[in-house]
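Participant: Pasting a predicted model and its sequence here:
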Amino acid sequence: MSLLKRLQELLGGGGRRRAGPVGDSYVTFKFEKFKDVLKCNNHALELIADVGVKLSGDYVFDSHYVETAFVALSDAVLKSVHALNTVCENCYRDLYGTYDRITEHIRRIVDQREDREGPAFLKLEDITRFSYAIVGGKNRHLAQIARDLHLPVPEGFVITTRAYHDIIDFNGLRDTLDTFESLVAGGDAPPESLEAARTTLQNGLLHAKVPPPLIKALDTHLQHLRDACGQAPMRLAVRSSAREEDMDFSFAGQYKTELGVPADTAEILEAYRKVTASLFESHAVQYRCTVLQGEGQISIAVGCQKMIDAVASGVLYTDNPSQPGGDTLLIACAWGQGEAVVSGQIPTDTFTVKKFGDLEIIQRQIAVKSRGLFAKSRRGGLEYRPIPKADQKRACIRDDQVRSLARMALRLENYFKLPQDVEWVVDSSERIYILQSRPLLLKKEAQRGDALPGLLEKYEILIRDRGKIAQQGIGAGPVKVVRSTADLDDLPEGTVVVSPRDMSSLALVMDKVAAIVTEVGTPVSHMATICREFGVPCLVNVDGILDCVKEGMEVTVDVEDNRIYKGRVPELLTYRASSSLNVFQTPAFRLLRRFLHAVASLNLVDPLLEDFTLNKCETYHDILRYVHEKAVLEMINLGRDEKRLLQSHHKKTLELDIPTGIIVIDMGGGIKDNAPDSRIGLNDVACIPFKALLEGMLYPGVWHREAMNVGFRDMVTSIVNAPADSLSGQYSGHNIGILTAEYVNLSLRFGYHFNIVDAFCSDTVRNNHFYFRFVGGATDISKRSRRARMIAEILEAFNLNVQTRGDVVTSRSGNMPRGEMEHTLNILGRLIGFTRQLDVHMDNDHVVHRYVKAFLDGNYGVVHSDGAASSA
Amino acid sequence: MEHTTRPSSPRLMVIDDEPTVGRRLKHVFGKIGFTIETFTNPEAAMQRLQEQPFDIVVTDLKMKGMDGMQVLAKIRAHHPRIKVILITGYAQLETATEAFRQGVFDFITKPFRLDELRQSILRAADALASGSTTGVS
């Protein structure tokens, strides 16, 4: 169905455009439409949240559910886009194109054909979440390690599943592949038919002709790699990477890897053929039919990475298999390439390292290493070579390298939220590279099955059956109480964050926390969504948690059973390592997760940043965020449209104990019904956010009535009139507040300053937002920027999001509970009062700190006591 | 969580042709001390019932071969002591009514919270422990 037609259906008409109403009706029209935007957005966000909680691990659903969710959500988002275009009179028409682009992408995911589209080649560093489906699990993890953790991985590129499908088609293998997949899916295929299809595919791929455009692209990528590395002759590792991102570990050892392949197009193609054909080797197919029955289709991507000229290499287990769930990790290594270590072909040095504190090496076992595996000097492949006598008995890595490795590995464990099995290599310049990191699966025996409840009895339970599940899982570590964003600086790896409430800013540390527990919160918050994205075990709304834990105390959070234990509980951590992967592995679950990624991730994080644009919208959530922001902007601009506003019949003058000269325009519910006709007081105000602001401005001491005596004339001037030398005409004019019961848009021109506050404050958390803007003028630029800095520092101290440009300070936030909104608005009110006359005092940087401190200490009278001679 | 009134290690069987439910339940109930076996093929599950007693059977409604109602009928006929819980992706009033008429212990619609099913299974275990039946554990 065409977009236009869908729109018409949704609306029961066409996109109507109202001919410019004036005065009241215009304002009312705008506001009604603005409320429509909020309503549409909320509906869509609720749907997303609803899908999100299904991923918490607390629900059981099937594949049919994803299709249903997609249909409902795509309609809801389209309605939001349209609501914005109604309030803004069609100035965001481009948003429809963005919507179509994103919807098409999500449709491919729901239909499970996303692995057949997109680029055939991708550099490792160009992999984003949108290419995860075509690069396979191993490559995805490498890309994440390089991009999110900034750990070194060898340069390389991926031949994606798109290329695999192209080659299947080019060689006429599609029908055979379809037959093969349906036989595997059926589960009861006659062995002869399965065998026939399998051999046809294996041989077909081993001798596959490659489409010329792919050969050309491979040429180019190899050339780039050679140029970037400047190493001759370069060799590559050509590794399989199966389609499903979270299943890669299940395939360990099933598919081929070719090592030491010369970086030459023909050689790489030959290796590629062997690797892809291994998908259909007899043992791999048998494995799929027995272990992975009912898991859906599998396609294969291939990673081509530069081989590191290894001095030493090995593996690292972040959980020591001899004491699972304990506090040590294990490193095994040898001279040369790591394949000899992985396959257990040669004796290795082993190091046992404490996982906490200063990473003490508690055991070293140095083996006699008489040979090592190295790249052949001519042709491809690896060969064993003797190790010089002097090196045979010494450790192949130094203690400081052991610790560097341990640090890297712990970051990997905290990022992937499970113990990791890490392959690594050290080159001749002593640089450590990560070759692979995958979940370390402990043997089933470690699980101890039905004995677990008994084993847990000896541990003290701090919290039981309290709170709501935001994300399933188990995590342990020392507690850090986080009250504001500043507490997140230098947060140690593996911390259990305990916070009074949900905080979106915890997104900054999701890669290194072990678990999150909040005293107040909801499983549908932004934070909960991000927890699910990163797999961070998270309990919210845990009443009394802050009284139960102390900073630094070790705890184990078991979200699955809704318990928090005092201390580390190795039995639970072992249990996690041996079983919890299963939970998130079912096909329906993986599909829903990919769907949710494409729907719910947020790329437009901060409206104050320049990349808050349509081009950056990649998900439905981005669209909704964009819609909300632009709708708010429309309302803010409405507040500045003074000429129109003053035509209103509903305007009243607000009379307070302080001279603010505010005219209010009530659009419904902002002023009490029994209020007088033209002049009203504070008690007549019903608007929640406006009342909070005014209470802040009237807070004792803030407005400095005492100061009036000093320079009465200046004071009055600065309060109600714009100075003649104002930098910009926009400062002159009236102070106007547009109100409803839950919304205020206030423009205040106080002499040298121009403040805008736009706020929605209600019991619906998601509707709530505030926008604060301060522009100063009149004094010289250094004073103005000092004042801006002071305001910014104060706002930041209250954990608000701030942007400063010259003398313009903007702060913007939302999604806060009503109480917190009121508190924030009260603070903003105080700040407006406090800063009203400060411009003249801003003589040096010292003053900035003094005033910031005074404000934070509640010492608002400082401005008065400083008088005009503040420059101490 | 109280375990004292329940069989020390209740035996749970899960039948679902999409392996989702079985895996999830294996994880959750294994951890709290249940013995659990999962089947994607209902015939194989019925076979197993001949060899080994179970306390509770959780079965999907729509499956290839034998559907959940047939499983229920078979169990009611041959192992009346077993509590049966039916799971379905499509809530249909008639089916639910029919299932209860045939003696199903509970009837749950997807998507459901794991805890809903957990509570249902725990209730079944309690009913077994306190109830009319003997020879448990």
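Facilitator: Thanks, I have the structure now.
Participant: helix, strand or coil for residue A:236?
Facilitator: For residue A:236, the assignment made with DSSP: H, G, I helix; E, B strand; the rest coil gives strand.
Participant: any idea how far residue A:759 is from it?
Facilitator: Applying C-beta to C-beta, to the nearest Å, the value for residue A:236 to residue A:759 is 58 Å. Backbone N, C-alpha and C define where each C-beta goes, glycine included.
Participant: Pull the contacting residues for the residue in the stretch 601-750 of chain A that chain B sits nearest to.
Facilitator: Relative to chain B, the nearest point of the stretch 601-750 of chain A is residue A:620 (19.9 Å; C-beta to the nearest C-beta). Counting by C-beta atoms under 8 Å, 6 or more residues apart in numbering or on different chains, residue A:620 touches A:44, A:48, A:73, A:74, A:77, A:102, A:106, A:599, A:600.
Participant: part of a helix, is the third one?
Facilitator: The one in question is residue A:73. Yes. Per three-state DSSP, residue A:73 lies within a helix segment.
Participant: I figured it hits residue A:46, correct?
Facilitator: No. Contact between residue A:73 and residue A:46 fails when scored by C-beta atoms under 8 Å: they sit 10.2 Å apart.
Participant: Give me the pLDDT value at the residue of chain B found nearest chain A.
Facilitator: Closest contact between chain B and chain A, by C-beta to the nearest C-beta, is at residue B:111 (3.4 Å). In this model, residue B:111 is scored at 84, pLDDT.
Participant: again with residue A:724
Facilitator: Residue A:724 is assigned 32 on the pLDDT scale.
Participant: now do residue A:585
Facilitator: 62.
Participant: and if you look at the one 4 residues further on?
Facilitator: Reading off the per-residue confidence, residue A:589 sits at a pLDDT of 79.
Participant: burial of it, as a residue count?
Facilitator: Residue neighbour count, defined by other C-beta atoms under 10 Å in any protein chain shown, stands at 24 for residue A:589.
Participant: hey, where'd the helices end up in the stretch 51-200 of chain A?
Facilitator: A:63-87, A:94-110, A:132-148, A:161-170, A:174-186, A:191-206 (DSSP state H, counting those that start in this stretch).
Participant: most packed of these?
Facilitator: helix A:132-148 (a mean of 24; mean count of other C-beta atoms under 10 Å in any protein chain shown).
Participant: With the flanking residues excluded, which residue is spatially nearest to residue 67?
Facilitator: Just so you know, I chose chain A. Spatial nearest neighbour of residue A:67, excluding adjacent residues (C-beta to C-beta, 6 or more residues apart in numbering or on different chains): residue A:110 at 6.0 Å.
Participant: ah, no, chain B please
Facilitator: residue B:61 (6.3 Å).
Participant: Would you check that that neighbour makes contact with residue B:72?
Facilitator: No. Using C-beta under 8 Å, residue B:61 makes no contact with residue B:72, being 9.3 Å away.
Participant: circling back: relative to residue B:73, how far out is the residue nearest to residue B:67?
Facilitator: In terms of C-beta to C-beta, residue B:61 sits 13 Å off from residue B:73.
Participant: Among these two, which residue is more densely surrounded?
Facilitator: Neighbours per residue (other C-beta under 10 Å) separate residue B:61 from residue B:73, with residue B:61 holding more: 23 against 14.
Participant: quick one, what contacts that one?
Facilitator: Contacts of residue B:61 by C-beta under 8 Å, 6+ apart are B:67, B:68, B:69, B:86, B:87, B:88, B:89, B:90, B:95.
Participant: redo that, cut-off 7 Å
Facilitator: B:67, B:68, B:86, B:87, B:88, B:95 (C-beta atoms under 7 Å, 6 or more residues apart in numbering or on different chains).
Participant: Need the pLDDT of it.
Facilitator: Per-residue pLDDT puts residue B:61 at 87.
Participant: I figured residue A:116 was touching residue A:163, is that so?
Facilitator: No. If you go by C-beta atoms under 7 Å, residue A:116 and residue A:163 don't touch, sitting 10.3 Å apart.
Participant: that older thread, and the residue of chain B closest to chain A, its phi and psi?
Facilitator: Phi and psi for residue B:111, reported as degrees, to the nearest 10, are phi -70, psi 140.
Participant: and what of residue A:216?
Facilitator: Per degrees, to the nearest 10, the backbone of residue A:216 is at phi -60, psi -40.
Participant: Just give the number of residues close to it.
Facilitator: 11.
Participant: how much space is there between it and residue A:121?
Facilitator: With C-beta to C-beta as the criterion, residue A:216 and residue A:121 are 10 Å apart.
Participant: Quick one: name the residues of chain B near chain A.
Facilitator: Neighbours of chain A within chain B, by C-beta under 7 Å from any C-beta of the partner chain: B:9, B:18-21, B:23-24, B:27, B:30-33, B:35, B:40, B:89, B:110-115, B:117.
Participant: picking that back up, can you tell me which residues contact the residue of chain B closest to chain A?
Facilitator: Here residue B:111 is in contact with A:54, A:59, A:60, A:61, A:65 (C-beta under 7 Å, 6+ apart).
Participant: which non-adjacent residue is nearest the second one?
Facilitator: In space, not counting the residues next to it along the chain, residue A:59 is nearest to residue B:111; the distance is 5.1 Å by C-beta to C-beta, 6+ apart.
Participant: Look up how far residue A:825 lies from the one you found.
Facilitator: Counting by C-beta to C-beta, the gap from residue B:111 to residue A:825 is 39 Å.
Participant: swap in residue A:229?
Facilitator: Relative to residue A:825, residue A:229 is positioned 57 Å away (C-beta to C-beta).
Participant: cool, and residue B:10?
Facilitator: Taking C-beta to C-beta, one finds residue B:10 at 55 Å from residue A:825.
Participant: what do you get for residue A:135?
Facilitator: Computed with C-beta to C-beta, the distance linking residue A:135 and residue A:825 is 47 Å.
Participant: same question, residue A:572
Facilitator: 44 Å.
Participant: next one: residue A:57
Facilitator: Using C-beta to C-beta, we find residue A:57 at a distance of 38 Å from residue A:825.
Participant: the strands in the stretch 701-850 of chain A, which residues?
Facilitator: Using DSSP state E, counting those that start in this stretch, the strands of the stretch 701-850 of chain A run over A:735-739, A:743-750, A:753-760, A:769-776, A:802-805, A:808-814.
Participant: ok, back up a step: in strands, which of the contacts of residue B:111 fall?
Facilitator: If you go by DSSP state E, the contacts of residue B:111 have A:59, A:60 in strands.
Participant: nearest to chain B, of the contacts of residue B:111?
Facilitator: Of the contacts of residue B:111, the one sitting nearest to chain B (C-beta to the nearest C-beta) turns out to be residue A:61, at 3.4 Å.
Participant: ok, that closest one - how many residues close by?
Facilitator: Around residue A:61 there are 22 residues (other C-beta under 10 Å).
Participant: For it, list the residues it contacts.
Facilitator: A:54, A:588, B:110, B:111.
Participant: for residue A:488, same thing?
Facilitator: Per C-beta under 7 Å, 6+ apart, neighbours of residue A:488: A:482, A:505, A:508, A:509.
Participant: Mind picking the two most distant members of these?
Facilitator: Comparing every pair within the contacts of residue A:488 by C-beta to C-beta identifies A:482 and A:508 as the most remote, at 10.7 Å.
Participant: Compare those two (neighbour count), which wins?
Facilitator: residue A:482 (23 against 14).
Participant: Just the mean pLDDT for the host helix or strand of residue A:577, thanks.
Facilitator: Secondary structure from DSSP states H and E places residue A:577 in helix A:570-579. Helix A:570-579 carries an average pLDDT of 78.
Participant: Dump the C-alpha coordinates for that helix into PDB.
Facilitator: Extracted in PDB, the C-alpha atoms of helix A:570-579 (Å, rounded to 0.1, in the frame of the first residue of the first chain):
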ATOM      1  CA  PRO A 570      30.500 -18.700  43.500                       C
ATOM      2  CA  GLU A 571      27.800 -21.400  43.100                       C
ATOM      3  CA  LEU A 572      25.500 -18.900  41.300                       C
ATOM      4  CA  LEU A 573      28.300 -17.500  39.100                       C
ATOM      5  CA  THR A 574      29.200 -21.100  38.100                       C
ATOM      6  CA  TYR A 575      25.600 -21.800  37.400                       C
ATOM      7  CA  ARG A 576      25.400 -18.700  35.200                       C
ATOM      8  CA  ALA A 577      28.500 -19.700  33.200                       C
ATOM      9  CA  SER A 578      27.100 -23.200  32.700                       C
ATOM     10  CA  SER A 579      23.500 -22.500  31.800                       C
END
